[in-house]
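Asks: I'll drop the sequence and a predicted model, then ask my questions.
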Amino acid sequence: MNTSLLVWIILAPLIGAILNAGFYFYHIKKQKVSELTFALIGTLTPLISFLITLSLFLRMNEENITFKQDLFTWLDIDKLHIGMSLLGDNLSIFMSMFVTFVGWLIHIYAIGYMRGDNGFGKFFAYFNLFLASMLILVLADNPIILFIGWEGVGVCSYLLIKFYYGKAENVIAANKAFIVNRVGDFGFILGVVTLFFALGEVDLSFSSMEANIANASSELLVLSGVLLFIGAMGKSAQIPLYVWLPDAMAGPTPISALIHAATMVTAGVYMVARFHFLYSGIEEIGLLIAYIGAFSALLAAIIATRQTDIKKILAYSTMSQLGYMFIAVGLGFYSTGLFHVFTHAFFKAMLFMGAGGVILAVHHRQNIFDIAKHRATTPIIKFTFLIGVIAISGVPFFSGFFSKDAILAAAFQEGEYLIWGIALFTAFLTAFYMFRLYFIVFVAPTKHDVKYEYTSRTITIPLLLLAVGAVAAGYLNLPAVLGGEHLVDTWLAQLNSTPIHMSHLTEWILMILSVAVAGSGIFVAYKKYANFDIYHPEEETGLIGRRFYIDELYDYLFVQSSKKLSTFIDKVIDEKIIDGFIMRSSNSFVNIGKKVSLSQNANVRFYAAFMLVGMTCIFIYLYIKLGL
């Protein structure tokens, strides 16, 4: 069924970005545009997107329909048809609901966080554009349009990570994120092209591809699935393309919240779920995805246990939680993976926003031990941060408990006990490092008097709303063992997810074990850090503290080798071989020219002698030739 509302979900923040950009250009010339103007445009447009999405969701819930909007034909040639089309099915509307809602709350939060910044208007222009790009990705009806949004979020993340471009390290971090994601994006492009040849279809819409997937070449489908997942590795920061994510914390905290909670990093999980018809039929790729997710979750959790930057700890926790999501979608539990995307959006946005509030309160310190030494009382931030830490640690009955437990149950049901074991141990580490963070920042004793720090309502109100989601969101997919009806699984039935169908006794045992593991992590963190001496802080040393030297390894293998190759090309091939050949050739011509130029000396008698010699030669030739 067609509707004209789908495009306005995208256009609202896009128009906001254009308006804020225009007003910002006027502002830097005339200095007359207030922050209130930028803030109103920046926050009202995401709200409009959310309200439109909500209206479509309610209508779909009542009438069980799918929305589709064909805007125009982009390309139509002999074997290829690409339409600029938008799709509002259960999956895309589900994603759009929390992307727009959480995105809107982060925009409100940004008003308080960015107040007084010289780039206030520019920030909201980028922010709106970021949200619009993510919505293009989510609502796209074919992989080409999806790729436009895919690249859009990449460009916007680059612009926002280097927002304070006066510092060289911020620009380096943005370049790192951009370059690593280009590696993944190259895989994505090749995957789409391979899928096109595998299907041999003129229409590249998702419904058409799903209908014809059974007739495609299995070898090309396998290759396409792997290449597409390489794109997901880059966007969603999985091994080996994860190294950009911690450095992306160079940007302002609101952009960290938006990247980690509602936009860029969730794109890879969404893409795999959108191509469920491809991955469901190829078990080997699914296992590859699940194992990469498991080891990514474990690696990030281990590294997070020794980090001291509050935002980087949260960044590694995002990478770890994304690993859980890929375990689920890799094993065919698409709705379970997306359920964790949904719950994660609430508590991770709240954690980053809480971290930003703490950073403001202690005058932009980010080392957790420095924060503890200069601690300021921020009751709402402390309360909501604790809720976020509890939720991500999998404590009953907060949202993270339901979604993470479902993933553990899925791995156990499929007989992937290694993945299940890794995920369970990662749950222990998650509880440990998150409560380590909480105890150091908010609980460990300090020697100075802690003073109350006022926090803007534009910061505290979004935090409180997200806290409600961090507690209650999990109940939307309550399992049958707890009397629930799997509402999210039912809504996403189009994905043909594998259902969890083990006995209630087994589910209870797994839940109790999961809770015990999380409780153990909390207990260890409490014993070690609740009374930790913050004046003798831990350092990022050793193998774990130095992040297993992966960055140094990548620098040696790729950066330094590229520099050496470039130097070799410049100094040897270009300078000595190519330039040397050209210079020798040109010098030869110059020398010949110099010798020829000896006859051009402006001496009349010299020219007369040459004429005489020439005429003599002509006469001799005629004498011999004609026999005169």
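Replies: Alright, I've got the coordinates. Predicted model, so just to flag it, every value in this text is computed and none were measured. Numbers count the residues shown, from 1 in each chain.
Asks: When you work out contacts or count neighbours from here on, use the C-alpha atoms and nothing else.
Replies: Fine.
Asks: Which stretches in this structure count as strands?
Replies: Taking DSSP state E, the strands of the chain run over residues 67-77, 80-88, 376-377, 451-452.
Asks: residue contacts, G323?
Replies: Q238, A290, I292, G293, A294, F295, S296, A297 (CA atoms under 8 Å, 6 or more residues apart in numbering).
Asks: Which members of those residues occur in helices, if any?
Replies: Applying DSSP state H to the contacts of G323, the entries found in helices are A290, I292, G293, A294, F295, S296, A297.
Asks: Now do the helices for the stretch 1-150 of the chain: every range, in order, please.
Replies: 6-30, 35-63, 90-113, 120-139, 143-161 (DSSP state H, counting those that start in this stretch).
Asks: Which of the strands of the chain has the highest mean neighbour count?
Replies: Comparing the strands of the chain on average neighbours per residue, with mean count of other CA atoms under 10 Å, the densest one is strand 80-88 at a mean of 20.
Asks: Keeping just the C-alphas, turn that strand into PDB.
Replies: Extracted in PDB, the C-alpha atoms of strand 80-88 (Å, rounded to 0.1, in the frame of the first residue of the first chain):
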ATOM      1  CA  LEU A  80      19.200  -3.200 -14.200                       C
ATOM      2  CA  HIS A  81      16.400  -1.300 -12.700                       C
ATOM      3  CA  ILE A  82      17.000   0.900  -9.600                       C
ATOM      4  CA  GLY A  83      14.100   2.800  -8.200                       C
ATOM      5  CA  MET A  84      14.300   5.400  -5.500                       C
ATOM      6  CA  SER A  85      11.900   3.500  -3.300                       C
ATOM      7  CA  LEU A  86      11.200   3.400   0.400                       C
ATOM      8  CA  LEU A  87       9.900   0.400   2.300                       C
ATOM      9  CA  GLY A  88       7.900   0.600   5.500                       C
END
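Asks: could you give the angle of it to helix 90-113?
Replies: Here the directions of strand 80-88 and helix 90-113 differ by 70 degrees (axes from the mean of the first three to the mean of the last three CA atoms, to 10 degrees).
Asks: what sits up against strand 80-88?
Replies: Applying CA under 8 Å, 6+ apart, the external contacts of strand 80-88 come out as 6-7, 66-76, 139-142, 144-145, 201-204.
Asks: do the same with stretch 296-306
Replies: Residues contacting stretch 296-306 (CA under 8 Å, 6+ apart): 238-239, 312-313, 316-317, 319-324, 422-423, 425-426, 429-430, 432-433, 436, 538-540, 544-545, 547.
Asks: Got a quick ChimeraX command for the buried subset of those?
Replies: Those of these that count as buried under 16 or more other CA atoms under 10 Å are selected in ChimeraX with:
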select :238,239,312,313,316,317,319,320,321,322,323,324,422,423,425,426,429,430,432,433,436,540,544,545,547
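Asks: Show me the domain layout of this protein.
Replies: By the assignment in automatic domain parsing, the chain contains the domains 306-544, 546-597, 599-628.
Asks: which one of those lies closest to M97?
Replies: Proximity to M97 (CA to CA) singles out domain 306-544 among those, at 9.6 Å.
Asks: Compute the distance from the centre of that closest one to the centre of its chain.
Replies: Chain-centre distance of domain 306-544: 19 Å, with CA atoms, centre = their mean, to the nearest Å.
Asks: now swap in stretch 121-139 and tell me
Replies: With CA atoms, centre = their mean, you get 13 Å for stretch 121-139.
Asks: same question for that stretch, mean pLDDT?
Replies: Averaging pLDDT along stretch 121-139 gives 95.
Asks: before we move on, what about stretch 44-54?
Replies: The average pLDDT for stretch 44-54 rounds to 96.
Asks: who touches it?
Replies: Contacting residues not belonging to stretch 44-54 are listed as 5-6, 8-10, 12-13, 15-16, 93, 96-97, 100-101, 103-104, 128, 131 [CA under 8 Å, 6+ apart].
Asks: Spatially, which residue comes closest to I255, not counting chain neighbours?
Replies: L160 (6.8 Å; CA to CA, 6 or more residues apart in numbering).
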